[in-house]
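[1] Sequence and predicted structure, then a few things I'm wondering about:
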Amino acid sequence: MKSILKFLATLAMLLGVATASLYFIYPGVMLEGLHFVTARAAGLEPRSVQVNDTTMHYYEGGPNNKHTLILLHDLGDDKNAFVTAVRPLTLDYRVILPDLPAHGANEFKAGNNYSLLGQQRQLAQFLGAITANRFVIGGHGLGGHLASYFAQQAPHKIEGLILLNSNGLQLTKATPYELYPLQVDAAYFASMYQSRYRNPPQYPQPVMQHKANLLNQRIPFLNQQITQLNQSEPFSLDLTSVSAPTLLLWGNHQPQQTAEIRDAVQAALPDAAFILIEHVGQAPQLEAPELVGKAMADFLSSVYGETK
């Protein structure tokens, strides 16, 4: 008996050392593993599809014969942004979480159009390739901006619109996307988390540096994209042209700006639902995934006339 306990204790110690080694020595491997496990727990599978000369990567979960939900991540983020929040939705809905153009596992293509119109057209081609013809679409930050633009450009495809702390709704900024610095380090992420989150994520320094290394590889491409976004498209979002049911989920991190946006949206769309989420920052799907998942589930039920 003692030998078995000793063996189990040794095994636990070795597993702990292996996990710590991955986390501190190979943080990229650890993060990829965590993303894989979290996605599988949410009922999502990684997939890819060819769209013209670009391979588009995405997560998909849920039954194919059900209503479809498309959720788009923010600038500089990837398809993992909504994974935890959609965990209760994949039982009842087809859920699609794509990497946006030049984000995540998607390659940057020099000469491509990364303006709002260019990205909307590429997204439309991607959705056509995976046979998503009518859907509720939503997003966070740039993803919400793109989702609302999609709702204006292709209203016949949109059954509902969900916006989470979305860019393009600001009343005081002509260009909501700021260029990245030429180089970032772990301290950049620590500062960014402090400014954007009410409860900032706590990562060890090696993980933060790994994230910085990944971002540094993409900064030239992201800044080219940001330049196109800020220069080629107007940012006065004409919400009055959106006819689909609309839900806004907002973290109350900046109360004055939140009040301005709420008033502007409710003036344009009197029937839109506006849910203020207290004690979270600018990414409510990450800080309060259960609340966001529940709010989206209720919204989808109302859009499709279902009862839970």
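    Happy to help now that I have it.
[2] alpha carbons only for contacts and neighbour counts from here, please
    Noted.
[3] Against residue 93, how distant is residue 119?
    Residue 119 sits 25 Å away from residue 93 when distances are taken as CA to CA, to the nearest Å.
[4] How about residue 299?
    For residue 299, the distance to residue 93 equals 12 Å [CA to CA].
[5] How about residue 176?
    When distances are taken as CA to CA, residue 176 and residue 93 turn out to be 32 Å apart.
[6] Residue 165 should be in a helix, yeah?
    No: with the criterion set as DSSP: H, G, I helix; E, B strand; the rest coil, the secondary structure at residue 165 is strand rather than a helix.
[7] For it, the count of nearby residues, please.
    Residues lying near residue 165 (other CA atoms under 10 Å) number 28.
[8] Please apply the same query to residue 215.
    That count, for residue 215 with other CA under 10 Å as the rule, works out to 18.
[9] Now do the same contact list for it.
    When contacts are counted by CA atoms under 8 Å, 6 or more residues apart in numbering, residue 215 touches 76, 184.
[10] what's the answer for the one 4 residues further on, then?
    For residue 219, the contacting residues are 180-183, taking CA under 8 Å, 6+ apart as the criterion.
[11] remind me which residues of the stretch 101-250 of the chain are low pLDDT?
    168-175, 232-238 (pLDDT under 70).
[12] repeat that with 80
    Across the stretch 101-250 of the chain, residues meeting the criterion (pLDDT under 80) sit at 167-176, 231-240.
[13] distance of residue 78 from residue 96?
    Distance, residue 78 to residue 96, by CA to CA: 13 Å.
[14] need the strands for this protein, in chain order.
    Shown for the chain, the strands assigned by DSSP state E span residues 44-51, 54-61, 68-72, 94-98, 135-141, 158-166, 246-251, 273-277.
[15] Include distance to residue 147 when you put these into TSV, please.
    What follows is the strands of the chain, written out as TSV (distance: least, CA to CA, whole Å):
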stretch	distance to residue 147
strand 44-51	19
strand 54-61	16
strand 68-72	7
strand 94-98	12
strand 135-141	5
strand 158-166	7
strand 246-251	11
strand 273-277	16
